[in-house]
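Novice: Just a sequence and a predicted model for now, questions to come.
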Amino acid sequence: MEIRRAGAEVRLGTEILLDAETSGGELSIFSLSLPAGERSATHRHTRELETFVVMEGELAITTPEGETLLGPGDAAVLPRDVTHAFAAGQSGARFLIITTPAGLEAFFREIDAGVPPERAAENAGLAFVTED
């Protein structure tokens, strides 16, 4: 059994709960808290399926199909290569992101170590989409 303790690793405000090493490469789990209205950049994952699980507040996920609002206990699964962004609702949001396979944590670790974001994204299979 592999165990990682809460708070053991936080990078760029994202807590890495489970990583590739701990899960044998199967999945990564991240815990995030966003204040009201904070939004991610629009992006897509070329390697991972991404699952969102909302613990508190509301989280809006925007894809080419439109916007979906998730509340506590709700979950959404995004296949790889789906362009998306997420934003906290009016009261903020606390949520988990689960990626399969594991490895996305390298993105947060590289940026935290000073690797330029564009290179860290490329290394992690992330593609950021500029909005017109």
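Specialist: Nice, thanks for sending it over.

Novice: D112 is in contact with L12, correct?
Specialist: Yes. With contacts counted by CB atoms under 8 Å, L12 reaches D112, the gap being 5.8 Å. Just so you know, the C-beta spots here come from the backbone N, C-alpha and C atoms, and that holds for glycine as well.

Novice: And the two? Which one has more around it.
Specialist: Higher neighbour count among L12 and D112: D112, with 14 against 10, using other CB atoms under 10 Å.

Novice: so what's the more buried one closest to, chain neighbours aside?
Specialist: Spatial nearest neighbour of D112, excluding adjacent residues (CB to CB, 6 or more residues apart in numbering): R11 at 4.4 Å.

Novice: bridging residues for the one you found?
Specialist: Per DSSP bridges, the residues bridged to R11 are T14.

Novice: For A88, see how far away it is.
Specialist: Using CB to CB, to the nearest Å, R11 is found at 19 Å from A88.
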